[in-house]
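sequence first, predicted coordinates after that:
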Amino acid sequence: MYDIGVGSLMIVFVISIFIGAVTAVQFAYQLGNSFIPPYYIGYIVRDMTIIELAPTFTCLVLAGKVGSNMAAEIGGMRQKEHIDAMEIMGVNTSAYLVMPKLLAALIMIPILVSISALISNLGGYLASVPTGFYSHSEYVQGLRSFFIPWNVVMMYVKAVTFAFILTSVSCYQGYFVKGGSIELGAASTRAVVFSDILILIADYIIAIVLTI
Amino acid sequence: MIRAENIYKSFGDNEVLKGIDFTFETGKTNLIIGKSGAGKTVLLKILVGLMDPTQGHVWYHDRDLVEMSKEETRQLRMDVGMLFQGNALFDSMTVEENIRFPLDMFTNQKMKPKRERVNFCLEEVSLAGINDKFPSEISGGMQKRVGIARAIVLEPKYLFCDEPNSGLDPKTAIKIDELISEITVQHNMTTVINTHDMNSVMEIGQNICLLDMGKLAWQGNKSEVMETTNETLESFIFASPFLQKLRAKALSK
């Protein structure tokens, strides 16, 4: 839980700042010279990050950081006969090794996604207010406008689903690894690639199911 | 007593075991020997339940491992200890935590009796006092002994050892053999050792099963080895010229 949560804070912080900053700058560029009120930028950044960017970006990055780590850890245990040793001792190895990681991810990743959403909005503020794109009051007004609580529910549904996907796919790849260090590296890569693809597919399905 | 009855095992078209029948006796060190690729490890994994045979039965006294439910298998495994070829000690745990692991999994004992049991097992393998070391901080021979301590911590009736001497110098290998042999007698266990170490065969081979190309090629004990006329056993045991000379000397006497 510590590794997934606290261990990932820095990377989540860094990507979130830039997600928010880039979203603010890009939309400021797109909305320039239009009749759309300036405070809309805060509203757009808020909803973009809550609905889509915070859960998806965070989980894609965590699939690379946490998922590959899980696959390598469990795969290494398979190769060193640790899993066989536990089987001999009568331990249900899939439950013993995978379940704590799954629970930790299901708890910590939604928290990380929440932090990411918060930091992204801060990133949007830092990119647009001190640089003079918009005023403080315009940005804050945007953040406080048209808030739909359902969007936060959507964010958590995505976070929990993506957490399940990246953990189960990564643990599966590690648990059933065969061969030596090359195969372990390949399993770790597969864990990230398959997790990322499944996260994007799930993202689309959740978007359809929860918004239509 | 463990009895392998008509064991067959195939991986696709590759038939690795072809009808093995053998009885592993209680209170004795039972050796499975054979060249690389003879099917020793596969047989050991089938005996211990890590792999299912394509056909055949594995009898633990009157209980058939192949037909057991998951719960029955779990119960049986409380009576099984295993020493792995690579020791399979958990790197992130200390020696004490490694040995205590089966106790943590299977018993509701408090910490004090568990510690006492761990210390007893460490004394059994002559490693008292290294509780707080990590596996990476001790030698290969010591790791083997810690592996044995962990294997016997639940006082198993059956002990399986996969290549216990691999990677050890001859002197340490003999010590490990002696230790396994002593523990087998002391605790009246059924010990099954998978090896191709000739010293083990001649020192502790009380009941030997020679596999060749997936078939049982010979069975007997260490004293019968020297007088064998079995060609497969001769070509396996006396492969080295040094041993051939020794055997010639022994027979001439």
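Sure thing, it's come through. Numbering: from 1, shown residues only, chains lettered A, B, ... in the order given.

for the chain, what spans make up the strands?
Since no chain was named, I'll use chain A. Taking DSSP state E as the criterion, chain A carries no strands.

can you look at chain B instead?
B:2-11, B:14-24, B:29-34, B:55-60, B:63-64, B:80-83, B:158-162, B:190-194, B:207-212, B:215-220.

which neighbours in the sheet does the first one have, and how are they oriented?
Within its sheet, and counting by DSSP bridges, strand B:2-11 is paired with strand B:14-24 (antiparallel), strand B:55-60 (antiparallel).

distance of the residue of the stretch 101-250 of chain B found nearest chain A from B:Pro156?
Here the stretch 101-250 of chain B gets closest to chain A at one residue, B:Pro102, 4.8 Å apart by Cβ to the nearest Cβ. All C-beta atoms are positioned from the backbone trio N, CA, C, and that covers glycine. As for B:Pro102, its distance to B:Pro156 is 9 Å (criterion: Cβ to Cβ, to the nearest Å).

quick revisit: CSV for the strands paired with strand B:2-11, including mean pLDDT and mean neighbour count?
Listed next are the strands paired with strand B:2-11 as CSV, based on pLDDT from 0 to 100; neighbours: other Cβ atoms under 10 Å in any protein chain shown:
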stretch, mean pLDDT, mean neighbour count
strand B:14-24, 91, 18
strand B:55-60, 93, 17
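
what residues does the stretch 1-150 of chain B have near chain A?
Listed as neighbours of chain A in the stretch 1-150 of chain B under the rule Cβ under 8 Å from any Cβ of the partner chain: B:48, B:50, B:73-75, B:77-78, B:80-82, B:84-86, B:88, B:90-91, B:101-102, B:105-106.

of those residues, just the buried ones, PyMOL syntax please.
In PyMOL syntax, the buried subset of the residues of the stretch 1-150 of chain B next to chain A is picked out as below (16 or more other Cβ atoms under 10 Å in any protein chain shown):
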select buried, chain B and resi 48+50+73+77+78+80+81+82+84+85+86+88+90+101+102+105+106
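
per-residue pLDDT, the residue of the stretch 101-250 of chain B closest to chain A?
At B:Pro102, the model reports a pLDDT of 91.

that one and B:Lys70, how far apart?
Going from B:Pro102 to B:Lys70 by Cβ to Cβ gives 18 Å.

show me what counts as buried in the lowest-mean-pLDDT helix or strand in chain B.
None of the helices or strands of chain B scores lower by mean pLDDT, DSSP states H and E than helix B:241-252, at a mean of 75. Neighbour counts over helix B:241-252 (16+ other Cβ under 10 Å) mark B:Arg247 as buried.

CA atoms only for it - export them in CSV, please.
The C-alpha trace of helix B:241-252 is given here as CSV (Å, rounded to 0.1, in the frame of the first residue of the first chain):
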residue,chain,number,x,y,z
PRO,B,241,37.2,-43.1,-15.1
PHE,B,242,38.1,-42.4,-11.4
LEU,B,243,35.1,-44.2,-10.2
GLN,B,244,35.7,-47.0,-12.7
LYS,B,245,39.1,-47.6,-11.1
LEU,B,246,37.7,-47.5,-7.6
ARG,B,247,35.1,-50.1,-8.5
ALA,B,248,37.7,-52.3,-10.1
LYS,B,249,39.7,-52.2,-6.9
ALA,B,250,36.7,-52.9,-4.7
LEU,B,251,35.7,-55.9,-6.9
SER,B,252,39.3,-57.3,-6.9
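
can you list contacts of it?
B:198, B:226-227, B:237-238 (Cβ atoms under 8 Å, 6 or more residues apart in numbering or on different chains).

now do 7 Å
With contact meaning Cβ atoms under 7 Å, 6 or more residues apart in numbering or on different chains, helix B:241-252 is reached by B:198, B:226, B:237-238.

please pick the buried ones from those residues.
Buried members of the contacts of helix B:241-252, counted by 16+ other Cβ under 10 Å: B:198, B:237-238.

in JSON lines: these, plus pLDDT and distance to A:Glu138.
Listed next are those as JSON lines, based on pLDDT from 0 to 100; distance: Cβ to Cβ, whole Å:
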{"residue": "B:Met198", "pLDDT": "78", "distance to A:Glu138": "85"}
{"residue": "B:Ile237", "pLDDT": "75", "distance to A:Glu138": "89"}
{"residue": "B:Phe238", "pLDDT": "74", "distance to A:Glu138": "92"}
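
ok, the residues you listed vs A:Val98, which is closest?
B:Met198 (42.6 Å; Cβ to Cβ).

distance of the closest one from B:Leu246?
Here the criterion is Cβ to Cβ. By it, B:Met198 lies 10 Å from B:Leu246.

now A:Gln79
Distance from A:Gln79 to B:Leu246, by Cβ to Cβ: 39 Å.

what do you get for A:Gly142?
For A:Gly142, the distance to B:Leu246 - Cβ to Cβ - is 91 Å.

again with B:Gln219
Distance from B:Gln219 to B:Leu246, by Cβ to Cβ: 23 Å.

the lengthiest helix in chain B - contacts with which helices or strands?
For chain B, the helix with the greatest residue count under DSSP state H is helix B:170-187. Applying 3 or more Cβ pairs under 7 Å, 6 or more residues apart in numbering or on different chains; DSSP states H and E, one finds that helix B:170-187 makes contact with strand B:29-34, helix B:140-152, strand B:190-194, helix B:198-204.

can you list the strands paired with strand B:2-11 in CSV and add distance to B:Ile7?
Formatted as CSV, the strands paired with strand B:2-11 follow (distance: least, Cβ to Cβ, whole Å):
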stretch, distance to B:Ile7
strand B:14-24, 4
strand B:55-60, 4
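
thinking again about what came up before, what distance separates the least confident helix or strand of chain B from the centre of its chain?
Helix B:241-252 sits 28 Å away from the centroid of its parent chain (Cα atoms, centre = their mean, to the nearest Å).
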